[in-house]
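Trainee: Sharing a model prediction with you, sequence too.
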Amino acid sequence: MIASGLHTLDAIAPLETERLVLRVPIEADWPEHLAFGLSDRMQFTGGPTNRWGAWRSFTSMLGHWVLRGYGFWQILEKSTGDRIGKAGLLFHDGWPEPELAWHLYDGNTGKGFATEAARAARTDAWSRLGLGPLISPIDADNHASRAVARRLGARVEGTGALLGSDVEIWRHPDPVRT
């Protein structure tokens, strides 16, 4: 499903939580995205990749925003301004329905950032876009993402395959209830 028109990125207001700012990605975010793309942290999302694959992924993130009016937010830590990861929505061609996803860069796990950012992105999807309840396809070996999904109140509703990998399909509840 492709939106009927193109969206202007500068019209998308950032989201703020207690500790985070989520904003549309900009070119200055490229170095962190590249480092993530080349790292083992990509093991559950089709990587690691090479520089060209990371660039295609980065520009695809921006294109998703333009085509659909939503996508991955860049996560910034309020106290430092550091880029710590990304979270948001994906609905690529071939996806069964919109996906809520999160990725943290090295050194930012175990602090609740993924849960906080995903909760904000999910609430935005529900309230601004009318999307939901969302899914999160998660590899059964990705224990950290499964724990985030649980903290968000999601439950496994079945299994499937995505990009050639077996995944659990986690269903997120209405964010007003969680």
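Mentor: Ah, there it is.
Trainee: hey, where'd the helices end up in this structure?
Mentor: 30-38, 51-68, 113-127, 143-151 (DSSP state H).
Trainee: now for the ones you listed, which one comes closest to Pro14?
Mentor: Closest to Pro14 of the helices of the chain is helix 113-127 (C-beta to C-beta; 10.0 Å). C-beta: built from backbone N, CA, C; applies to glycine.
Trainee: ok so, going back, save the helices of the chain as a markdown table, and put in mean pLDDT, distance to His92 and mean neighbour count too.
Mentor: Below are the helices of the chain laid out as a markdown table (pLDDT from 0 to 100; distance: least, C-beta to C-beta, whole Å; neighbours: other C-beta atoms under 10 Å):
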| stretch | mean pLDDT | distance to His92 | mean neighbour count |
| --- | --- | --- | --- |
| helix 30-38 | 87 | 17 | 18 |
| helix 51-68 | 89 | 8 | 16 |
| helix 113-127 | 95 | 16 | 22 |
| helix 143-151 | 96 | 18 | 17 |
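Trainee: Output those helices as CSV; include the columns distance to Glu18.
Mentor: Shown next, in CSV, are the helices of the chain (distance: least, C-beta to C-beta, whole Å):
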stretch, distance to Glu18
helix 30-38, 22
helix 51-68, 25
helix 113-127, 7
helix 143-151, 15
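Trainee: and of the ones you listed, who's closest to Thr80?
Mentor: Judged by C-beta to C-beta, the one of the helices of the chain that comes nearest to Thr80 is helix 113-127, at 12.0 Å.
Trainee: for this protein, what are the low-confidence residue spans?
Mentor: 1-5, 41-47, 175-178 (pLDDT under 70).
Trainee: is it true that Leu22 touches Ile12?
Mentor: No - the pair Leu22 / Ile12 is not scored as a contact, 10.2 Å apart, by C-beta atoms under 8 Å.
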